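K.L.:
Mind folding the following:
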Amino acid sequence: MKRALLGVVLLFLAVPARAGTIAIAADEDREVVAPAAIEPMLWHALYDRYGHDGVVVDPDRAAPEMLSQGLTTLLRVHVTWTPLTTSLPGGSIVGAMAPRIEVRESILRDERLYPYASWYAQGALALFDEHHHDGSKAVVSLPEVSLEEAVDSAIRPVDAPTWKATPDLLAIPVVVAGDDEYRHFYGAAWKAEADLRVERASALLAQAGLRLDIVGHDDWISPGGAQGLSALLDSLATAPSVHANAIRIGFTQQTGLADADTAQVEDVGRAYRPGRDVVVADQAAVPGHSLSWDLAEEGTAVAHEVLHALGIPHTDLPHVLMSRRKTTTVHDLAPGTRALAEAAAEARWGDKDTWTSASSLASTAEAWLQVPDERIEYVAGNLLAGPGVPEPTEMPPAHLSALTNAALARVHLRLATEPEKTSRSR
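P.N.:
Numbers count the residues shown, from 1 in each chain. Model prediction:
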């Protein structure tokens, strides 16, 4: 039987990565898990175990790229898939693919890479019970679950560098709120559990030069019988907050809520785009799976919704943090996402005056957003949520771009009419 071969090169970073290339060799006859899915699995596993960020690079240019970034340790990770079968109670047999991971660690010295160590890790067949809507059970095999566990085992022998750079990152103040169901589920540990998820999101946002700074915690009574996460978001937004300039991240244990309009299950989160409030549903771990799965899944969900709160829409690019459809754990930020996040955060929490902030928001929107109304809302919403609104008399309109003028007009119209918040994004 043919086996798929995925080749990935991973580096430890001295500073947050802003870009990277991934080197993959795959047998297209047997693509069990999308090749791009292994990169974020490695990123999260390395962060869990060593606190290091990782970047994927071109294997043919590994040494010069490492030199240019001051890197020292290189991992080459190869995943092959082999068929496995197991017997279930009652005598039935089920089979699926299981991963086998080869890791080769090298050290960069004198502009050359020297082999340091190599080892293998074998993943097991991943099986768990699934309950159908009619109450019956099914045994489901998830190759990506097995791969996630195998990756975690495979990076344990890594001799990681002990240094870790602490770059200067712009702080985004956040308030962590847990609803009554969330606080009951985790008990006295709810703040610590929520903080871990925010910390993982902060590590992901470091790629854009940002970090999440927890400035407080709030109890939140979410409405029972809500029709969806959007309703919970509206509820959170009406609750008073002592930190008016912070983004409030509400965690809920009301999972499986259905949207009344689309009847689709909302299992990730909602945010006003742009805005100050975010709701994230607690994700259930796969039975028997490591808790690191929760942190990776929910950390990406928190970062995704915070980026929405900065006014950033979905992208059609696959396997990035703002992908429209998230099928696996992810970690990478698309270039446009980074630029939009940096400009929005700088406008709302930086030290620029409001006119400079408005101009920067407008130029960034014109460079990275294609839909005219999204451009206007990105500028207007971030001005309303952040640094304040410049008075129309402070600068002649002729000195501003058409986009800035349109955004300021929307700002003053909204301030005059104060409509209800309606901008939501999954």
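
K.L.:
ranges for the helices of the protein?
P.N.:
Assigned by DSSP state H, the chain shows helices spanning 38-50, 62-69, 143-154, 180-186, 190-205, 229-238, 292-309, 335-349, 354-368, 372-385, 402-417.

K.L.:
and the fourth one, average pLDDT?
P.N.:
Which is helix 180-186. Averaged across helix 180-186, pLDDT comes to 89.

K.L.:
Residue 320: which of the helices of the chain is closest?
P.N.:
Of all these, it is helix 335-349 that lies closest to residue 320, at 7.1 Å by C-beta to C-beta. (Each C-beta comes from the backbone N, C-alpha and C, glycine too.)

K.L.:
Contacts for that closest one, please.
P.N.:
With contacts defined as C-beta atoms under 8 Å, 6 or more residues apart in numbering, helix 335-349 is touched by 18-19, 170-173, 205, 207-210, 245, 274, 307, 310-312, 315, 320-322, 333, 352, 357-358, 360-361, 364-365, 367-369, 378, 382-383, 385-387.

K.L.:
quick one on the thing from earlier: nearest to residue 89, out of the helices of the chain?
P.N.:
Of all the helices of the chain, helix 143-154 comes closest under C-beta to C-beta, at 20.5 Å.

K.L.:
okay, the closest one in CSV with CA atoms only?
P.N.:
C-alpha atoms of helix 143-154 as CSV (Å, rounded to 0.1, in the frame of the first residue of the first chain):
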residue,chain,number,x,y,z
PRO,A,143,-6.1,10.6,11.8
GLU,A,144,-5.4,14.3,12.8
VAL,A,145,-6.0,13.4,16.4
SER,A,146,-3.5,10.6,16.2
LEU,A,147,-1.0,12.9,14.4
GLU,A,148,-1.5,15.6,17.1
GLU,A,149,-0.6,13.1,19.8
ALA,A,150,2.3,11.7,17.8
VAL,A,151,3.7,15.2,17.2
ASP,A,152,3.6,15.9,21.0
SER,A,153,5.6,12.7,21.6
ALA,A,154,8.0,13.4,18.7
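
K.L.:
average pLDDT across that helix?
P.N.:
For helix 143-154, the mean pLDDT works out to 83.

K.L.:
re earlier: pick the most buried one from the helices of the chain.
P.N.:
Mean neighbour count (mean count of other C-beta atoms under 10 Å) peaks for helix 292-309 among the helices of the chain, with a mean of 24.

K.L.:
With just CA atoms, put it into PDB.
P.N.:
What follows is helix 292-309, C-alpha atoms only, in PDB (Å, rounded to 0.1, in the frame of the first residue of the first chain):
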ATOM      1  CA  SER A 292      -3.100  20.700  25.200                       C
ATOM      2  CA  TRP A 293      -5.600  20.100  22.400                       C
ATOM      3  CA  ASP A 294      -8.000  22.400  24.200                       C
ATOM      4  CA  LEU A 295      -5.400  25.200  24.600                       C
ATOM      5  CA  ALA A 296      -4.500  25.000  20.900                       C
ATOM      6  CA  GLU A 297      -8.100  25.000  19.700                       C
ATOM      7  CA  GLU A 298      -9.400  27.700  22.100                       C
ATOM      8  CA  GLY A 299      -6.300  29.800  21.800                       C
ATOM      9  CA  THR A 300      -6.700  30.000  18.100                       C
ATOM     10  CA  ALA A 301     -10.500  30.800  18.600                       C
ATOM     11  CA  VAL A 302      -9.700  33.600  21.000                       C
ATOM     12  CA  ALA A 303      -7.100  35.100  18.600                       C
ATOM     13  CA  HIS A 304      -9.500  34.800  15.700                       C
ATOM     14  CA  GLU A 305     -12.200  36.700  17.500                       C
ATOM     15  CA  VAL A 306      -9.900  39.400  18.800                       C
ATOM     16  CA  LEU A 307      -8.700  40.000  15.300                       C
ATOM     17  CA  HIS A 308     -12.400  40.400  14.300                       C
ATOM     18  CA  ALA A 309     -12.700  43.000  17.200                       C
END
